[in-house]
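[1] with the input below, show me the fold.
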Amino acid sequence: MTTNVTDRLIPAWSAEQKRDFRKAPIVFGHRLAETGLFDDEALAALLDRYPAELYDINLFDYDDEGRASMRTGVRGRLPGEKVLEGIKDGRVWVQLRRVEQHYEGLAPVIHAAFREISREAPGFRPVQLNGQLILSAPQAKVPFHADAPGVCLFHMRGRKRIWIYPADEAHMPQTGMEDIMLKQQTEDLPYNRGMDAAAQVFDLTPGMAATWPLHAPHRIENQEGFNVSLSVDYQTWGTRITNGAHYANGIFRRKGIPVAAMDRTPMPARTALWAASLALKRAGLVEDKIANLDRSFELDGVKT
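    Numbers count the residues shown, from 1 in each chain. Modelled structure (predicted):
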């Protein structure tokens, strides 16, 4: 196994990729899987030692409209090798959070990749990077949702299809993002299949990555094989200020104070709202409603 990151991890981008980055969905190539960090042996060893509090196991059930309900489980006493077998056999989705801190060798790979992305996209200067390693079964799906930070999804193994939707009021209501920022709801959003007409659809194979505009909703369906992806959340000062503005707006809306549409709120006004959000968070005016999810199953024995 090699973790050499001296070679280029992100091939050069086209003029169109550079132009569209963070303005529209794009896909691009990467070489992260060549590090050996995502092979079965390495993953099993990682699962054996990963901190339990950063280990999410989810099982999604879907109705005829594709709307999801989620059950959250626990690993139980399975060794890492058996956890991998359980993922490959079922419709389970396992996420290891904060892998940039808890997977030795991966942090330099992530930072090297983003340095190269920054060279391809002048002016892109992330101030924070958080990684989630996602291991999912051939039949697994990730429901329609939106992330608060920016995201780059690096795909390593298997094949998956991603639908990316406009970050507009019809697909990502501003009140929904306010509730996400206030932790009044998870990142999952109301969905119906009619929304797919507005989506851009990409099939991701190993060595491909995707990224999209801030807060653009998306959903994912695995198409083939055991899937391994690295989702890296990034924050720039711009995303941090915008998210703080959503937080402040959510508080003000609950107090009956008029709130402007975010796309008509200039950056100086967003910055003022972000500054207000710092004090509002310290005041603890809203209760976190998603802090404690029930764990309703053990991974052992979960099948399709």
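[2] now the strands for the stretch 51-200 of the chain?
    Ranges of strands in the stretch 51-200 of the chain, per DSSP state E, counting those that start in this stretch, are 55-62, 68-74, 92-97, 128-136, 141-145, 150-164, 200-204.
[3] any idea which of these gets closest to Thr242?
    strand 150-164 (10.2 Å; C-beta to C-beta). Quick note: C-beta positions are derived from backbone N, CA and C, even for glycine.
[4] now that closest one: mean pLDDT?
    Mean per-residue pLDDT for strand 150-164: 98.
[5] repeat that for stretch 35-49.
    If you average the pLDDT over stretch 35-49, you get 96.
[6] helices of the stretch 1-150 of the chain, residue ranges please.
    Here the stretch 1-150 of the chain has its helices, by DSSP state H, counting those that start in this stretch, at 15-20, 40-49, 80-89, 99-102, 106-120.
[7] swap in the stretch 201-304 of the chain?
    237-254, 267-283.
[8] before we move on, the earlier item: with distance to Ala199 and mean neighbour count added, can I get the helices of the stretch 1-150 of the chain in CSV?
    Below are those laid out as CSV (distance: least, C-beta to C-beta, whole Å; neighbours: other C-beta atoms under 10 Å):
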stretch, distance to Ala199, mean neighbour count
helix 15-20, 16, 13
helix 40-49, 31, 16
helix 80-89, 27, 19
helix 99-102, 28, 18
helix 106-120, 24, 18
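[9] which of these comes out lowest on mean pLDDT?
    helix 80-89 - the lowest mean pLDDT of the helices of the stretch 1-150 of the chain, at a mean of 86.
[10] quick one: which of the strands of the stretch 51-200 of the chain is nearest His30?
    Closest of those to His30 is strand 150-164, at 5.4 Å (criterion: C-beta to C-beta).
[11] got the CA coordinates for that closest one in PDB?
    What follows is strand 150-164, C-alpha atoms only, in PDB (Å, rounded to 0.1, in the frame of the first residue of the first chain):
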ATOM      1  CA  GLY A 150     -19.700  23.200   0.200                       C
ATOM      2  CA  VAL A 151     -19.000  19.600  -0.800                       C
ATOM      3  CA  CYS A 152     -16.600  17.700  -3.100                       C
ATOM      4  CA  LEU A 153     -17.500  14.000  -3.500                       C
ATOM      5  CA  PHE A 154     -14.600  11.800  -4.500                       C
ATOM      6  CA  HIS A 155     -15.700   8.400  -5.700                       C
ATOM      7  CA  MET A 156     -13.400   5.400  -5.200                       C
ATOM      8  CA  ARG A 157     -15.200   2.100  -5.800                       C
ATOM      9  CA  GLY A 158     -18.400   0.900  -7.300                       C
ATOM     10  CA  ARG A 159     -20.800   3.000  -9.500                       C
ATOM     11  CA  LYS A 160     -23.300   5.500  -8.300                       C
ATOM     12  CA  ARG A 161     -25.700   8.000  -9.900                       C
ATOM     13  CA  ILE A 162     -26.200  11.500  -8.500                       C
ATOM     14  CA  TRP A 163     -29.000  13.900  -9.200                       C
ATOM     15  CA  ILE A 164     -28.200  17.500  -8.500                       C
END
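[12] tell me which residue is most central in the protein.
    Nearest residue to the geometric centre of the chain (C-alpha atoms, centre = their mean): Ser231, 5.3 Å.
[13] per-residue confidence for the residue lying closest to that one once chain neighbours are set aside?
    Spatial nearest neighbour of Ser231, excluding adjacent residues (C-beta to C-beta, 6 or more residues apart in numbering): Gln132 at 4.6 Å. Note for Gln132: predicted pLDDT of 97.
[14] show me what Gln132 bridges to in the sheet.
    Gln132 has the following beta-bridge partners by DSSP bridges: Arg97, Ser231.
[15] that one: neighbouring residues, count only.
    Around Gln132 there are 19 other residues, counting by other C-beta atoms under 10 Å.
[16] quick check: it touching His102?
    No. Counting by C-beta atoms under 8 Å, Gln132 stays clear of His102, with 11.2 Å between them.
[17] next, show the common contact partners of the two.
    Here Gln132 and His102 have Leu96 as joint contacts, going by C-beta atoms under 8 Å, 6 or more residues apart in numbering.
[18] mind checking how far the closest residue to Phe252 other than its chain neighbours is from Asn243?
    The spatially closest residue to Phe252, leaving aside those adjacent along the chain, is Val259, at 5.6 Å (C-beta to C-beta, 6+ apart). Distance, Val259 to Asn243, by C-beta to C-beta, to the nearest Å: 15 Å.
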